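Peer 1: Pasting the sequence and the predicted model now:
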Amino acid sequence: MAQPILHSEHVHKRYGGVHALRGARLSVFPGEVHALVGENGSGKSTMLKILSGQVQPDAGAFTFGGAATTFRSPTDALRQGIATVTQETTLAPELSIAENIFLGHRMVRRSGLIDWRATRRRAREALARLDLDLDPAVPVRRLRPDQQQMVEIARALSIDARVLILDEPTSSLTDDEVHALFGLVRRLREEGVATIFVSHRLSEIFELCDRVTVLRDGHTVAEGPIPGFDRPSLIEAMTGRAFEDMEAIEHGGDAQEALLRVRGYSLPGVFADVALDVAPGEIVGLAGLVGAGRSELLESLFGLRRGSGTVELGDRPAHFRHPREAIKAGVGFVPADRKLQGLVLQMSVRENLMMASTARIARLRPPRPALELAQVRSAISDLRIRAHSPRVPVATLSGGNQQKVVLGKWLRTSPRLLLLDEPTRGVDVGAKAEIYRLLSEAAGGGIGMLVSSSEIPELRTLCDRVLVMFRGRVVASLAREEASEARIAHFAGGHQ
Amino acid sequence: MTAAPEHVEDRQRQRVLDHAAGVWSSASRYAVVLVLLVVLFVVFSIALDRFATWPNIENLLTSVSILWVVSMGMTFVVLTGGIDLSVGSLLALSGLVLSDLFNDAGLPAWLAVIVTLLIVSVIGGAVNGVFIGKVGLSFFVVTLGTLSLYRGIVNIWSDTKTTYITDPFLDGIGFGKGLGIATPIWIMLATFLIAFVVLRWTYFGRDVYAVGGNIDAARLSGINVARTLIMVYAIAGLCAGIGGMIQAGRLGAASPLVGEDIPLNAAAAVLLGGTSFLGGVGSVVGTAVGVLFIGTLQNGLSIWGVSSFWQQVVTGAILIVAVAIDRLQQGGIRVRRRRTRVAATGGDPPAPA
């Protein structure tokens, strides 16, 4: 193989007392798709931040195109030819596609005014290069999430990037959109662009990538061509533990009597005529594309939206007008975005854990510190939350531990029904397995669950039954053994 | 030696360390201003004979008592991510309500004071709180509206004239002494302690932080967000009312002109005290430091003979500098590192994006 386009060695970075990188290395060749994997806290994001100039390393040697260099700022990295597309879109929603593509480097005429004609022409060219049939004059807010992501990539490439960093690009995309993105990445590979691809979904890494670098505790613990790895060996490299295959978890709620009974439930324009049952101790999955109405259905059941139809929770009507009513009736809701909706990040682990279960206590009564602390400590050890004290702000925890805090918050309310939206989004492999274990234990205790997820393997691991939604309707109900990846994808795509 | 005692010792040590870390992380938000306050105090004490005397300290504290009390209420509002611009108008209104109840309705002074406080807190909660918490309007729009609205009512009602209130009870609020200390100082202390306890040791206090920290997460956790906001604006109203009572006591009258600069000064004190204007982070301890800083500065400069206009200039400049230092401490390390890096390698500064 030729010379690497980007090579970094002996990279060290400390944040206060945290040693995020201790001599990591990453070497990327032109025209390859290179997977960078590791659990949360492995130093993956620090590495990416260093390469994109957002963070300065304490030590390290870097070459780009064979010459020694450093990346002093995001602009500097960009100018050298490293473009980054992150999970969060950084587009300006009200501006047009063309304006967004040339946001950082406008086409300016000699007079100092913006050359709109050149801007639009160049934007069309950039989109054509990616085979995107989009009008450059359309404001970005009108695009679907995957299209927005494509525009971000178009923007990254408009500066003739030689290395493209894709940081969890697929986390909010549907299967079809993921395939479109992969097609694009492969075309770039043919053009000689090197792509650094970060994803928690191992199947994507095996499908798309040529080589992989594995980080653990700030070290590079493995690197090499993808065919040299299989799923267990990659997971073992990431976690440092022998891999135990995640088998489907058996808990099988006896479907004697429904805990949640929904009939003819509709919300105009969002979902229609939904019928479903959840028995105590049963985990029911909701599959479907983004926009199929899964999240909205969960939100309505929790009282955040007003649907019409029959909803009964244990024989009593359960049309909640507000989350407080739902909680009172024994319903909990784990939202898809824990940072925006699940947690108060500045508050401590303890306060977040106690938030839902104490929401109905008289407000001027003081919390009983000793009792509360005992409860919080037991929750922390039951859920295996890794936090060095219940007092630390929940923002300092890793994604998986944060998600366990959200779960713990609801388990403390002794719920009868839990509604979960993407319960393991942005969570690493190890924490995923622990969350599955916690959920099936809770189901074993008789809690009924409705789990919406865009990861089909997750539903297959977790659920007794999977309902597939398409454009707001439940189009299929598959028992665990029938719920193959192919069948779910078939129904989710709207086929009969 | 068994392992168990060591283990217990470790845990105790850890707990102490955690506690210290917690105290520091909340104190660090106003550490800069606290240091400046101490420096200011030392400098004034050395330079000015009259400064470090009990009568002057008492005078200093009494002169900030109104700002202090109003700022305590304002802290609750700012912690929820809002600001109450109407507290000055409410303060003036409370004087008029008091004068009406006492002079015209003939209530005994102590009862008139209590009823007045109830009325202004209900007004604060029912108007600001309901429109912000229940209807969901922006705090800025609502309190800017009520700022003007209440001030207008005050001017119409009073016909812009001052009415005198002569009563020993009220005089006692303004000028009385308890255990040799002026009553306004006792009121300051009481307001502070109550606010501290409520924020720190009640579920309501936790709600205030949760609503300010992440209103959606709070709502989804079953916290009654609307009620929390209504309560918070009622508390701001109550504190404005208490300030109004001190003001009336000190003037012996209800004047329609009082309290105009109170909302912005209170906001400045809260900000100086390290409470985040985004909500969710801060404390009344910080606010106390902020108020004392403003008070010390004004008192010292007055003795020095510096005009009050210069006091405004200095207060404003320090407000910005203190927040900037705080920002640099928390998030600016990256910026500074990058600069040194550029300087060290002699490279070009990054091109403007």
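Peer 2: It's in.

Peer 1: all strands for the stretch 251-353 of chain B, in order.
Peer 2: For the stretch 251-353 of chain B, applying DSSP state E, counting those that start in this stretch gives strands covering B:253-254.

Peer 1: Then the stretch 251-400 of chain A?
Peer 2: With DSSP E, counting those that start in this stretch applied, the stretch 251-400 of chain A shows strands at A:260-267, A:271-278, A:283-287, A:308-313, A:316-317, A:331-334, listed in chain order.

Peer 1: what are the phi and psi angles of the residue nearest the centre of chain B?
Peer 2: Against the mean C-alpha coordinate of chain B, by CA atoms, centre = their mean, the closest residue is residue B:71 at 2.1 Å. Backbone torsions of residue B:71, given as degrees, to the nearest 10, read phi -70, psi -30.

Peer 1: Distance check, it against chain A.
Peer 2: With distances taken as CB to the nearest CB, to the nearest Å, residue B:71 is found 22 Å from chain A. C-betas here are computed from N, CA, C, even on glycine.

Peer 1: sorry, back to before: export the strands of the stretch 251-400 of chain A to a markdown table and tack on distance to chain B, mean pLDDT and mean neighbour count?
Peer 2: A markdown table is the format used below for these (distance: least, CB to the nearest CB, whole Å; pLDDT from 0 to 100; neighbours: other CB atoms under 10 Å in any protein chain shown):
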| stretch | distance to chain B | mean pLDDT | mean neighbour count |
| --- | --- | --- | --- |
| strand A:260-267 | 18 | 89 | 18 |
| strand A:271-278 | 20 | 89 | 19 |
| strand A:283-287 | 19 | 90 | 27 |
| strand A:308-313 | 16 | 88 | 17 |
| strand A:316-317 | 19 | 88 | 9 |
| strand A:331-334 | 6 | 92 | 27 |
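
Peer 1: Can you add distance to residue A:191 and give those back as JSON lines?
Peer 2: JSON lines is the format used below for the strands of the stretch 251-400 of chain A (distance: least, CB to CB, whole Å):
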{"stretch": "strand A:260-267", "distance to residue A:191": "45"}
{"stretch": "strand A:271-278", "distance to residue A:191": "42"}
{"stretch": "strand A:283-287", "distance to residue A:191": "35"}
{"stretch": "strand A:308-313", "distance to residue A:191": "52"}
{"stretch": "strand A:316-317", "distance to residue A:191": "60"}
{"stretch": "strand A:331-334", "distance to residue A:191": "42"}
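
Peer 1: Specify the stretch among the ones you listed that is closest to residue A:409.
Peer 2: With CB to CB, the closest approach to residue A:409 among the strands of the stretch 251-400 of chain A belongs to strand A:331-334: 8.0 Å.

Peer 1: So for the closest residue to chain B within the stretch 51-200 of chain A, what pLDDT did the model give?
Peer 2: The nearest approach of the stretch 51-200 of chain A to chain B comes at residue A:73, 3.9 Å away (CB to the nearest CB). Listed pLDDT for residue A:73 reads 84.

Peer 1: Wait, it touches residue A:53, no?
Peer 2: Yes - the pair residue A:73 / residue A:53 is scored as a contact, 4.9 Å apart, by CB atoms under 8 Å.

Peer 1: Poorly predicted segments of the stretch 351-496 of chain A, please.
Peer 2: Along the stretch 351-496 of chain A, the model assigns pLDDT under 70 to residues A:362-363, A:496.

Peer 1: Quick one: residues contacting residue A:33.
Peer 2: A:185, A:186, A:189, A:194, A:195, A:197, A:208, A:209, A:210, A:211 (CB atoms under 8 Å, 6 or more residues apart in numbering or on different chains).

Peer 1: And it, how far from residue A:4?
Peer 2: Residue A:33 sits 14 Å away from residue A:4, taking CB to CB, to the nearest Å as the criterion.

Peer 1: do residue B:44 as well
Peer 2: 64 Å.

Peer 1: all helices for the stretch 201-350 of chain A, in order.
Peer 2: A:202-208, A:231-239, A:294-301, A:323-328, A:349-354 (DSSP state H, counting those that start in this stretch).

Peer 1: buried sites along the first one?
Peer 2: Right, the one you point to is helix A:202-208. Buried residues in helix A:202-208, counted by 16 or more other CB atoms under 10 Å in any protein chain shown: A:202, A:204, A:205, A:206, A:208.

Peer 1: re earlier: and the helices of the stretch 201-350 of chain A, which one's lowest on average pLDDT?
Peer 2: Ranked by mean pLDDT, the helices of the stretch 201-350 of chain A bottom out at helix A:231-239, which scores a mean of 82.

Peer 1: helices and strands around that one, which ones?
Peer 2: helix A:202-208, strand A:211-216, helix A:429-444 (3 or more CB pairs under 8 Å, 6 or more residues apart in numbering or on different chains; DSSP states H and E).

Peer 1: Name the residues of it that come out as buried.
Peer 2: A:234, A:235, A:236, A:237, A:238, A:239.

Peer 1: C-terminal to the helix or strand hosting residue B:122, what's the next element?
Peer 2: Assigned by DSSP states H and E, residue B:122 falls within helix B:109-123. Using DSSP H and E, the helix or strand that follows helix B:109-123 in sequence is helix B:139-158.

Peer 1: That next one - what's its average pLDDT?
Peer 2: Averaged across helix B:139-158, the pLDDT comes to 92.

Peer 1: Restricting the selection to alpha carbons, write it to CSV.
Peer 2: What follows is helix B:139-158 as a C-alpha-only set of coordinates in CSV (Å, rounded to 0.1, in the frame of the first residue of the first chain):
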residue,chain,number,x,y,z
PHE,B,139,-40.7,36.2,30.2
PHE,B,140,-39.2,39.2,28.5
VAL,B,141,-42.4,40.2,26.8
VAL,B,142,-44.6,39.7,29.8
THR,B,143,-42.5,41.4,32.4
LEU,B,144,-41.6,44.3,30.1
GLY,B,145,-45.3,44.7,29.6
THR,B,146,-46.1,44.6,33.3
LEU,B,147,-43.2,46.9,34.1
SER,B,148,-44.9,49.6,32.1
LEU,B,149,-48.4,48.5,33.1
TYR,B,150,-47.9,48.7,36.9
ARG,B,151,-45.9,51.9,36.6
GLY,B,152,-48.7,53.5,34.7
ILE,B,153,-51.2,52.3,37.3
VAL,B,154,-49.0,53.7,40.1
ASN,B,155,-48.8,57.1,38.4
ILE,B,156,-52.6,57.3,37.7
TRP,B,157,-53.5,56.1,41.1
SER,B,158,-51.2,58.4,43.0
